[in-house]
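Chemist: Could you work out the structure for the sequence below:
(one chain, ligands or ions: 2)
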Amino acid sequence: MDLIVRPTPELNGEIGALSSKNYTTRYLLVAALAEGTSTVYYPAHSEDSDAMRRCIQELGAVLEEDEEKIVITGFGGRPRDVKELNVGNAGAVLRFLMAIASLCPDVTFVNSYPDSLGKRPHSDLIVALEGMGVQIEHQDGKLPIRIKGGKPEGGQISVSGEVSSQYLSALLFLTPLLEEDSEITVLGDLKSKVVIGQTLEVLEQAGIQIDASSDYSRFRVPGRQAYQAKNYTVQGDYPGSAAILAAAAVTKSDVKVHRLMEKSKQGERAIVDVLQMMDVPLKHQDGTVHVTGNGRLRPVEFDGDAATDAVLAMVAAAVFADGTSRFYNVENLRYKECDRITDYLNELKKAGAKVEEGRSEIIVHGRPGGLEGGATINAHFDHRVIMALTVVGLRCKEPLLIKDAHHVAKSYPQFFDHLQALGASVEWVK
Ligand SMILES: O=C(O)C1=C[C@@H](OP(=O)(O)O)[C@@H](O)[C@H](O)C1
Ligand SMILES: C=C(OP(=O)(O)O)C(=O)O
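Modeler: Ligands and ions are numbered 1, 2, ... in the order given. Have a look, this model is predicted:
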(Lines give C-alpha, C1' and ligand atoms only; values in the text may rest on other atoms or scores of the structure.)
(Ligands and ions follow the chains in the order given, each with its own letter.)
Protein backbone atom coordinates (compact mmCIF):
# COMPACT_ATOMS: atom_id res chain seq x y z
CA MET A 1 0.00 0.00 0.00
CA ASP A 2 1.13 3.52 -0.80
CA LEU A 3 0.83 6.58 1.38
CA ILE A 4 0.59 10.32 0.73
CA VAL A 5 2.28 12.72 3.13
CA ARG A 6 1.00 16.27 2.82
CA PRO A 7 2.61 19.44 4.18
CA THR A 8 1.79 19.71 7.89
CA PRO A 9 3.06 22.84 9.65
CA GLU A 10 1.90 21.90 13.18
CA LEU A 11 1.80 18.78 15.37
CA ASN A 12 0.13 18.62 18.78
CA GLY A 13 -0.75 15.93 21.28
CA GLU A 14 0.64 13.00 23.24
CA ILE A 15 1.29 9.34 22.52
CA GLY A 16 2.74 6.35 24.34
CA ALA A 17 5.90 5.06 22.68
CA LEU A 18 5.65 1.66 21.01
CA SER A 19 7.35 -1.19 22.87
CA SER A 20 11.01 -1.85 22.16
CA LYS A 21 11.69 -4.24 19.31
CA ASN A 22 15.19 -5.15 20.48
CA TYR A 23 14.08 -5.97 24.03
CA THR A 24 11.04 -7.90 22.82
CA THR A 25 13.07 -10.17 20.52
CA ARG A 26 15.60 -10.78 23.30
CA TYR A 27 13.06 -11.46 26.07
CA LEU A 28 11.10 -13.86 23.84
CA LEU A 29 14.31 -15.70 23.03
CA VAL A 30 15.61 -16.05 26.59
CA ALA A 31 12.14 -17.12 27.73
CA ALA A 32 12.14 -19.82 25.03
CA LEU A 33 15.62 -20.97 26.10
CA ALA A 34 14.53 -21.30 29.75
CA GLU A 35 13.16 -24.35 31.49
CA GLY A 36 9.81 -23.29 32.95
CA THR A 37 7.36 -20.48 32.37
CA SER A 38 8.31 -16.82 31.83
CA THR A 39 6.11 -13.79 31.20
CA VAL A 40 6.91 -10.90 28.87
CA TYR A 41 4.78 -7.84 29.68
CA TYR A 42 4.01 -5.22 27.00
CA PRO A 43 5.80 -7.00 24.12
CA ALA A 44 6.14 -5.19 20.80
CA HIS A 45 3.66 -6.25 18.13
CA SER A 46 5.35 -5.87 14.78
CA GLU A 47 6.49 -8.06 11.91
CA ASP A 48 9.95 -8.57 13.45
CA SER A 49 8.72 -9.44 16.93
CA ASP A 50 6.05 -11.68 15.37
CA ALA A 51 8.81 -13.48 13.46
CA MET A 52 10.60 -14.29 16.72
CA ARG A 53 7.32 -15.31 18.35
CA ARG A 54 6.44 -17.66 15.45
CA CYS A 55 9.90 -19.22 15.22
CA ILE A 56 10.29 -19.96 18.94
CA GLN A 57 6.89 -21.66 18.82
CA GLU A 58 8.07 -23.78 15.91
CA LEU A 59 11.19 -24.59 17.91
CA GLY A 60 8.99 -25.92 20.73
CA ALA A 61 8.10 -23.02 23.04
CA VAL A 62 4.46 -22.88 24.16
CA LEU A 63 2.92 -19.40 24.10
CA GLU A 64 -0.26 -17.97 25.56
CA GLU A 65 -1.03 -14.33 25.11
CA ASP A 66 -3.49 -11.59 25.96
CA GLU A 67 -3.59 -7.81 25.51
CA GLU A 68 -0.73 -7.03 27.90
CA LYS A 69 1.54 -10.08 28.01
CA ILE A 70 2.88 -13.30 26.52
CA VAL A 71 3.37 -16.29 28.81
CA ILE A 72 6.06 -18.60 27.46
CA THR A 73 6.98 -22.11 28.49
CA GLY A 74 10.46 -22.66 27.17
CA PHE A 75 12.22 -25.62 25.55
CA GLY A 76 15.43 -25.05 27.49
CA GLY A 77 18.55 -26.06 25.59
CA ARG A 78 16.64 -28.61 23.47
CA PRO A 79 14.82 -26.98 20.55
CA ARG A 80 12.48 -29.18 18.52
CA ASP A 81 13.88 -30.75 15.34
CA VAL A 82 12.30 -28.31 12.83
CA LYS A 83 13.21 -28.46 9.14
CA GLU A 84 12.49 -24.91 8.06
CA LEU A 85 12.25 -21.46 9.61
CA ASN A 86 11.03 -18.22 8.04
CA VAL A 87 12.06 -15.02 9.84
CA GLY A 88 10.44 -12.69 7.29
CA ASN A 89 12.65 -9.61 6.95
CA ALA A 90 14.04 -9.61 10.50
CA GLY A 91 17.84 -9.46 10.57
CA ALA A 92 18.41 -9.76 14.31
CA VAL A 93 15.90 -12.61 14.57
CA LEU A 94 17.66 -14.49 11.78
CA ARG A 95 21.12 -14.09 13.27
CA PHE A 96 20.07 -15.00 16.83
CA LEU A 97 18.19 -18.06 15.58
CA MET A 98 21.00 -19.19 13.27
CA ALA A 99 23.04 -19.69 16.44
CA ILE A 100 20.22 -21.45 18.31
CA ALA A 101 19.40 -23.59 15.24
CA SER A 102 22.89 -25.04 15.48
CA LEU A 103 21.48 -27.09 18.39
CA CYS A 104 19.11 -28.76 15.84
CA PRO A 105 20.14 -31.47 13.36
CA ASP A 106 19.13 -29.74 10.11
CA VAL A 107 17.29 -26.42 9.69
CA THR A 108 16.92 -24.29 6.57
CA PHE A 109 16.23 -20.55 6.86
CA VAL A 110 14.26 -19.62 3.76
CA ASN A 111 14.66 -16.47 1.69
CA SER A 112 11.28 -14.72 1.78
CA TYR A 113 12.61 -11.16 1.18
CA PRO A 114 15.12 -11.64 -1.65
CA ASP A 115 15.39 -7.87 -2.22
CA SER A 116 16.03 -6.97 1.43
CA LEU A 117 17.14 -9.55 4.02
CA GLY A 118 18.06 -11.80 1.08
CA LYS A 119 20.81 -9.33 0.16
CA ARG A 120 22.26 -8.93 3.66
CA PRO A 121 25.55 -10.61 4.66
CA HIS A 122 25.83 -13.30 7.34
CA SER A 123 29.30 -14.67 6.54
CA ASP A 124 30.95 -13.51 9.76
CA LEU A 125 28.48 -15.52 11.83
CA ILE A 126 28.68 -18.48 9.45
CA VAL A 127 32.47 -18.57 9.81
CA ALA A 128 32.23 -18.41 13.61
CA LEU A 129 29.66 -21.23 13.76
CA GLU A 130 31.70 -23.35 11.32
CA GLY A 131 34.64 -22.90 13.68
CA MET A 132 32.43 -24.47 16.36
CA GLY A 133 31.91 -27.59 14.25
CA VAL A 134 28.56 -26.63 12.65
CA GLN A 135 28.10 -27.42 8.95
CA ILE A 136 26.44 -24.64 6.98
CA GLU A 137 25.25 -24.41 3.37
CA HIS A 138 24.66 -20.87 2.10
CA GLN A 139 24.64 -18.67 -0.98
CA ASP A 140 27.87 -16.73 -0.61
CA GLY A 141 27.01 -15.90 3.00
CA LYS A 142 23.37 -15.09 2.21
CA LEU A 143 19.95 -16.76 2.45
CA PRO A 144 18.78 -19.46 2.04
CA ILE A 145 20.98 -20.90 4.77
CA ARG A 146 20.94 -24.56 5.85
CA ILE A 147 22.40 -25.32 9.26
CA LYS A 148 23.40 -28.87 10.08
CA GLY A 149 24.14 -28.69 13.75
CA GLY A 150 23.51 -30.95 16.66
CA LYS A 151 26.38 -30.43 18.99
CA PRO A 152 28.23 -27.13 18.53
CA GLU A 153 31.49 -26.93 20.48
CA GLY A 154 32.49 -24.07 22.74
CA GLY A 155 36.09 -23.20 23.58
CA GLN A 156 38.03 -20.49 21.75
CA ILE A 157 35.62 -18.68 19.41
CA SER A 158 36.30 -15.61 17.32
CA VAL A 159 33.83 -13.44 15.44
CA SER A 160 34.19 -10.27 13.42
CA GLY A 161 32.34 -7.23 14.72
CA GLU A 162 33.02 -5.12 11.61
CA VAL A 163 29.61 -5.49 9.94
CA SER A 164 27.07 -6.12 12.68
CA SER A 165 26.86 -6.63 16.45
CA GLN A 166 24.12 -9.21 15.89
CA TYR A 167 26.64 -12.00 15.16
CA LEU A 168 28.25 -11.50 18.57
CA SER A 169 24.85 -11.27 20.30
CA ALA A 170 23.88 -14.56 18.62
CA LEU A 171 26.96 -16.30 20.05
CA LEU A 172 26.34 -14.80 23.49
CA PHE A 173 22.86 -16.38 23.50
CA LEU A 174 24.17 -19.79 22.38
CA THR A 175 27.41 -20.34 24.29
CA PRO A 176 26.00 -20.54 27.86
CA LEU A 177 24.13 -23.71 26.75
CA LEU A 178 27.23 -25.54 25.49
CA GLU A 179 29.12 -28.30 27.30
CA GLU A 180 32.42 -26.43 27.22
CA ASP A 181 33.27 -23.03 28.65
CA SER A 182 33.85 -20.48 25.88
CA GLU A 183 36.03 -17.49 25.33
CA ILE A 184 34.73 -15.22 22.56
CA THR A 185 37.16 -12.80 20.93
CA VAL A 186 35.77 -10.00 18.77
CA LEU A 187 37.88 -9.25 15.71
CA GLY A 188 38.06 -5.74 14.23
CA ASP A 189 36.09 -2.69 15.28
CA LEU A 190 32.78 -3.78 16.85
CA LYS A 191 29.87 -1.89 15.25
CA SER A 192 26.68 -1.00 17.17
CA LYS A 193 28.60 -1.73 20.36
CA VAL A 194 25.90 -0.24 22.58
CA VAL A 195 23.45 -2.94 21.47
CA ILE A 196 25.70 -5.56 23.13
CA GLY A 197 24.87 -3.78 26.39
CA GLN A 198 21.20 -4.67 25.79
CA THR A 199 22.10 -8.32 25.11
CA LEU A 200 24.18 -8.55 28.29
CA GLU A 201 21.47 -6.83 30.34
CA VAL A 202 18.86 -9.36 29.17
CA LEU A 203 21.19 -12.34 29.67
CA GLU A 204 21.88 -11.20 33.22
CA GLN A 205 18.15 -10.83 33.89
CA ALA A 206 17.74 -14.42 32.63
CA GLY A 207 20.27 -15.60 35.21
CA ILE A 208 23.14 -16.14 32.75
CA GLN A 209 26.67 -15.37 33.87
CA ILE A 210 29.07 -13.77 31.39
CA ASP A 211 32.31 -11.99 32.08
CA ALA A 212 32.77 -9.18 29.52
CA SER A 213 35.86 -6.99 29.09
CA SER A 214 35.00 -3.29 29.40
CA ASP A 215 35.60 -2.67 25.68
CA TYR A 216 33.49 -5.71 24.68
CA SER A 217 36.40 -7.31 22.83
CA ARG A 218 36.50 -10.48 25.00
CA PHE A 219 33.84 -12.53 26.74
CA ARG A 220 34.26 -15.47 29.09
CA VAL A 221 31.14 -17.62 29.05
CA PRO A 222 30.88 -20.61 31.39
CA GLY A 223 29.16 -23.58 29.72
CA ARG A 224 26.37 -25.83 31.07
CA GLN A 225 24.31 -22.84 32.26
CA ALA A 226 20.52 -22.88 32.40
CA TYR A 227 18.35 -19.91 31.41
CA GLN A 228 15.99 -19.16 34.29
CA ALA A 229 12.26 -18.55 33.80
CA LYS A 230 11.53 -14.93 34.76
CA ASN A 231 9.08 -12.04 34.32
CA TYR A 232 10.17 -9.26 31.98
CA THR A 233 8.70 -5.85 31.20
CA VAL A 234 9.51 -4.33 27.80
CA GLN A 235 10.42 -0.64 27.82
CA GLY A 236 9.44 1.95 25.19
CA ASP A 237 11.27 1.95 21.86
CA TYR A 238 13.67 4.80 21.07
CA PRO A 239 14.44 3.94 17.40
CA GLY A 240 10.78 4.18 16.35
CA SER A 241 10.09 7.13 18.64
CA ALA A 242 13.07 8.95 17.11
CA ALA A 243 11.01 9.47 13.94
CA ILE A 244 8.07 10.92 15.92
CA LEU A 245 10.44 13.23 17.83
CA ALA A 246 12.12 14.31 14.58
CA ALA A 247 8.66 15.07 13.14
CA ALA A 248 7.93 17.26 16.16
CA ALA A 249 11.33 18.95 15.75
CA VAL A 250 10.78 20.01 12.11
CA THR A 251 7.29 21.42 12.72
CA LYS A 252 5.73 23.94 15.08
CA SER A 253 4.77 21.49 17.76
CA ASP A 254 3.71 20.64 21.26
CA VAL A 255 4.23 16.86 21.37
CA LYS A 256 4.77 14.50 24.28
CA VAL A 257 6.01 10.92 23.89
CA HIS A 258 5.63 8.85 27.06
CA ARG A 259 7.35 5.57 28.13
CA LEU A 260 10.87 6.68 27.14
CA MET A 261 13.10 5.86 30.11
CA GLU A 262 15.95 8.35 30.67
CA LYS A 263 18.31 5.59 31.84
CA SER A 264 17.70 3.16 28.97
CA LYS A 265 20.61 1.22 27.43
CA GLN A 266 19.16 1.90 23.96
CA GLY A 267 21.77 3.97 22.13
CA GLU A 268 19.01 5.61 20.11
CA ARG A 269 18.00 7.59 23.18
CA ALA A 270 20.69 9.93 21.76
CA ILE A 271 17.92 11.35 19.54
CA VAL A 272 17.07 13.49 22.58
CA ASP A 273 20.65 14.80 22.92
CA VAL A 274 21.02 15.36 19.18
CA LEU A 275 17.77 17.36 18.95
CA GLN A 276 18.93 19.38 21.96
CA MET A 277 22.29 19.97 20.23
CA MET A 278 20.22 21.21 17.26
CA ASP A 279 18.55 23.74 19.61
CA VAL A 280 15.15 22.08 19.44
CA PRO A 281 13.24 23.07 22.59
CA LEU A 282 12.56 19.87 24.55
CA LYS A 283 12.43 18.41 28.04
CA HIS A 284 12.99 14.81 29.08
CA GLN A 285 11.77 13.86 32.52
CA ASP A 286 9.89 11.05 34.25
CA GLY A 287 9.96 8.99 31.07
CA THR A 288 8.34 11.66 28.89
CA VAL A 289 10.00 13.58 26.07
CA HIS A 290 8.19 16.88 25.47
CA VAL A 291 9.09 18.72 22.27
CA THR A 292 7.89 22.27 21.69
CA GLY A 293 9.30 22.72 18.21
CA ASN A 294 9.54 26.04 16.42
CA GLY A 295 10.86 24.60 13.18
CA ARG A 296 14.30 26.15 13.68
CA LEU A 297 17.22 23.70 13.83
CA ARG A 298 20.99 24.13 14.03
CA PRO A 299 23.32 21.78 12.18
CA VAL A 300 25.06 18.98 14.08
CA GLU A 301 28.04 16.56 13.88
CA PHE A 302 27.36 13.13 15.31
CA ASP A 303 28.98 9.67 15.53
CA GLY A 304 26.01 7.68 14.26
CA ASP A 305 27.30 4.26 15.34
CA ALA A 306 26.16 5.09 18.87
CA ALA A 307 22.53 5.29 17.72
CA THR A 308 22.40 3.25 14.53
CA ASP A 309 18.61 2.90 14.19
CA ALA A 310 17.94 6.61 14.85
CA VAL A 311 20.39 8.04 12.31
CA LEU A 312 17.85 8.23 9.47
CA ALA A 313 15.45 10.23 11.66
CA MET A 314 18.31 12.53 12.74
CA VAL A 315 19.25 13.08 9.09
CA ALA A 316 15.59 13.90 8.29
CA ALA A 317 15.67 16.63 10.95
CA ALA A 318 19.03 17.92 9.67
CA VAL A 319 17.50 18.36 6.19
CA PHE A 320 15.84 21.53 7.59
CA ALA A 321 18.78 22.87 9.67
CA ASP A 322 20.34 26.24 8.89
CA GLY A 323 23.74 24.83 7.88
CA THR A 324 25.64 21.63 7.11
CA SER A 325 25.37 18.55 9.35
CA ARG A 326 27.55 15.45 9.30
CA PHE A 327 26.80 11.94 10.53
CA TYR A 328 29.96 9.82 10.56
CA ASN A 329 31.03 6.24 11.42
CA VAL A 330 27.85 4.92 9.81
CA GLU A 331 29.17 2.46 7.20
CA ASN A 332 27.13 -0.41 8.61
CA LEU A 333 23.94 1.43 7.59
CA ARG A 334 24.79 -0.01 4.16
CA TYR A 335 24.04 -3.55 5.41
CA LYS A 336 20.52 -2.99 6.74
CA GLU A 337 17.10 -3.50 5.07
CA CYS A 338 18.54 -1.50 2.16
CA ASP A 339 21.71 0.51 1.70
CA ARG A 340 20.67 3.21 4.17
CA ILE A 341 23.29 5.59 2.78
CA THR A 342 23.00 5.39 -1.03
CA ASP A 343 19.34 4.31 -1.27
CA TYR A 344 18.14 6.66 1.46
CA LEU A 345 19.99 9.68 0.11
CA ASN A 346 18.64 9.01 -3.38
CA GLU A 347 15.10 9.21 -2.01
CA LEU A 348 15.90 12.37 -0.03
CA LYS A 349 17.30 13.96 -3.20
CA LYS A 350 14.05 13.19 -5.06
CA ALA A 351 12.25 15.25 -2.40
CA GLY A 352 14.70 18.12 -2.97
CA ALA A 353 17.22 17.61 -0.14
CA LYS A 354 20.88 18.57 -0.61
CA VAL A 355 22.81 15.56 0.68
CA GLU A 356 26.15 13.89 -0.05
CA GLU A 357 27.55 10.50 0.88
CA GLY A 358 30.94 9.11 1.81
CA ARG A 359 31.68 5.42 2.36
CA SER A 360 30.98 5.92 6.03
CA GLU A 361 29.27 9.30 6.34
CA ILE A 362 26.22 11.34 5.42
CA ILE A 363 26.50 15.08 4.84
CA VAL A 364 23.36 17.20 4.86
CA HIS A 365 23.23 20.80 3.61
CA GLY A 366 20.14 22.01 5.42
CA ARG A 367 17.34 23.89 3.67
CA PRO A 368 15.40 25.71 6.39
CA GLY A 369 13.00 27.11 3.80
CA GLY A 370 11.63 23.59 3.16
CA LEU A 371 11.89 21.24 0.18
CA GLU A 372 9.97 21.15 -3.08
CA GLY A 373 8.58 17.62 -2.55
CA GLY A 374 6.13 16.44 -5.20
CA ALA A 375 8.07 13.17 -5.63
CA THR A 376 7.35 9.44 -5.59
CA ILE A 377 9.48 7.67 -2.99
CA ASN A 378 10.71 4.08 -3.20
CA ALA A 379 10.58 2.53 0.30
CA HIS A 380 13.28 -0.06 -0.48
CA PHE A 381 11.45 -2.46 1.92
CA ASP A 382 12.83 -0.31 4.74
CA HIS A 383 10.66 0.84 7.66
CA ARG A 384 13.21 3.44 8.71
CA VAL A 385 13.41 4.96 5.21
CA ILE A 386 9.60 5.17 5.22
CA MET A 387 9.47 6.88 8.61
CA ALA A 388 12.29 9.32 7.77
CA LEU A 389 10.79 10.32 4.40
CA THR A 390 7.46 10.89 6.15
CA VAL A 391 9.18 13.34 8.50
CA VAL A 392 10.66 15.14 5.49
CA GLY A 393 7.30 15.16 3.70
CA LEU A 394 5.71 17.14 6.51
CA ARG A 395 7.88 20.11 5.50
CA CYS A 396 7.76 19.80 1.71
CA LYS A 397 5.80 22.27 -0.40
CA GLU A 398 4.11 19.50 -2.43
CA PRO A 399 3.03 16.05 -1.14
CA LEU A 400 5.27 12.98 -1.19
CA LEU A 401 3.89 9.65 -2.37
CA ILE A 402 5.63 6.82 -0.49
CA LYS A 403 5.31 3.53 -2.36
CA ASP A 404 4.84 0.34 -0.30
CA ALA A 405 4.71 2.28 2.95
CA HIS A 406 3.11 -0.77 4.62
CA HIS A 407 6.64 -2.07 5.23
CA VAL A 408 6.64 0.35 8.19
CA ALA A 409 5.04 -2.61 10.04
CA LYS A 410 8.43 -4.31 10.27
CA SER A 411 8.93 -2.38 13.50
CA TYR A 412 6.16 0.22 13.96
CA PRO A 413 2.73 -0.75 12.55
CA GLN A 414 1.01 2.13 14.40
CA PHE A 415 3.43 4.80 13.10
CA PHE A 416 0.96 6.54 10.78
CA ASP A 417 -1.91 6.26 13.30
CA HIS A 418 0.31 7.93 15.88
CA LEU A 419 1.29 10.70 13.46
CA GLN A 420 -2.34 11.22 12.45
CA ALA A 421 -3.32 11.48 16.11
CA LEU A 422 -0.76 14.31 16.40
CA GLY A 423 -2.36 16.06 13.42
CA ALA A 424 -0.16 14.96 10.50
CA SER A 425 -1.79 14.85 7.10
CA VAL A 426 -0.99 11.30 6.00
CA GLU A 427 -3.34 9.11 3.98
CA TRP A 428 -3.20 5.55 2.65
CA VAL A 429 -3.95 5.16 -1.06
CA LYS A 430 -4.60 1.92 -2.90
O1 LIG B 1 20.74 -6.70 18.05
C2 LIG B 1 19.76 -6.08 17.64
O3 LIG B 1 18.59 -6.32 18.04
C4 LIG B 1 19.96 -5.02 16.62
C5 LIG B 1 21.23 -4.57 16.34
C6 LIG B 1 21.52 -3.49 15.37
O7 LIG B 1 22.07 -4.07 14.20
P8 LIG B 1 23.64 -4.03 13.81
O9 LIG B 1 24.40 -4.61 14.94
O10 LIG B 1 23.71 -4.86 12.58
O11 LIG B 1 24.01 -2.59 13.57
C12 LIG B 1 20.25 -2.73 15.00
O13 LIG B 1 20.47 -1.95 13.85
C14 LIG B 1 19.10 -3.66 14.75
O15 LIG B 1 17.93 -2.93 14.45
C16 LIG B 1 18.76 -4.49 15.95
C1 LIG C 1 18.18 -2.91 11.00
C2 LIG C 1 17.08 -3.17 11.68
O3 LIG C 1 16.67 -4.42 12.06
P4 LIG C 1 17.28 -5.85 11.73
O5 LIG C 1 18.76 -5.72 11.54
O6 LIG C 1 16.93 -6.68 12.91
O7 LIG C 1 16.58 -6.33 10.48
C8 LIG C 1 16.22 -2.05 12.13
O9 LIG C 1 15.28 -2.31 12.91
O10 LIG C 1 16.41 -0.90 11.73
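Chemist: wait, what's in contact with residue 206?
Modeler: Neighbouring residues of residue 206 by Cβ atoms under 8 Å, 6 or more residues apart in numbering: 30-31, 33-34, 227-228, 230. Just so you know, the C-beta spots here come from the backbone N, C-alpha and C atoms, and that holds for glycine as well.
Chemist: Among the residues you listed, which are located in helices?
Modeler: 30-31 (DSSP state H).
Chemist: CSV for the contacts of residue 206, including pLDDT?
Modeler: Shown next, in CSV, are these (pLDDT from 0 to 100):
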residue, pLDDT
30, 98
31, 98
33, 98
34, 98
227, 98
228, 98
230, 98
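Chemist: Nearest to ligand 1 among the contacts of residue 206?
Modeler: residue 30 (13.0 Å; Cβ to the nearest ligand atom).
Chemist: how about that closest one, what does it touch?
Modeler: So residue 30 contacts 38, 173, 202-203, 205-206, 208, 227, 230 (Cβ under 8 Å, 6+ apart).
Chemist: Now, of these, which are buried?
Modeler: 38, 173, 202-203, 206, 208, 227, 230 (16 or more other Cβ atoms under 10 Å).
Chemist: will you turn the residues you listed into CSV that also has secondary structure?
Modeler: As requested, the buried ones among the contacts of residue 30 are arranged in CSV below (DSSP: H, G, I helix; E, B strand; the rest coil):
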residue, secondary structure
38, strand
173, helix
202, helix
203, helix
206, coil
208, coil
227, strand
230, coil
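Chemist: one step back: which members of the contacts of residue 206 are the farthest-apart pair?
Modeler: 33 and 230 (11.5 Å; Cβ to Cβ).
Chemist: Next, count neighbours for the nearest residue to residue 61 once chain neighbours are set aside.
Modeler: Once flanking residues are discounted, residue 61 sits nearest to residue 32: 4.0 Å by Cβ to Cβ, 6 or more residues apart in numbering. Other residues lying near residue 32 total 27 when counted by other Cβ atoms under 10 Å.
Chemist: same question, the one 4 residues further on
Modeler: Neighbour count of residue 36, defined by other Cβ under 10 Å: 14.
Chemist: separation between it and residue 52?
Modeler: 19 Å (Cβ to Cβ, to the nearest Å).
Chemist: what's the answer for residue 424, then?
Modeler: Residue 424 is 30 Å from residue 52, by Cβ to Cβ.
Chemist: Would you mind telling me which of the two has more residues around it?
Modeler: residue 52 (27 against 22).
Chemist: you'd agree the more buried one is in a helix?
Modeler: Yes - counting by three-state DSSP, one finds residue 52 located in a helix.
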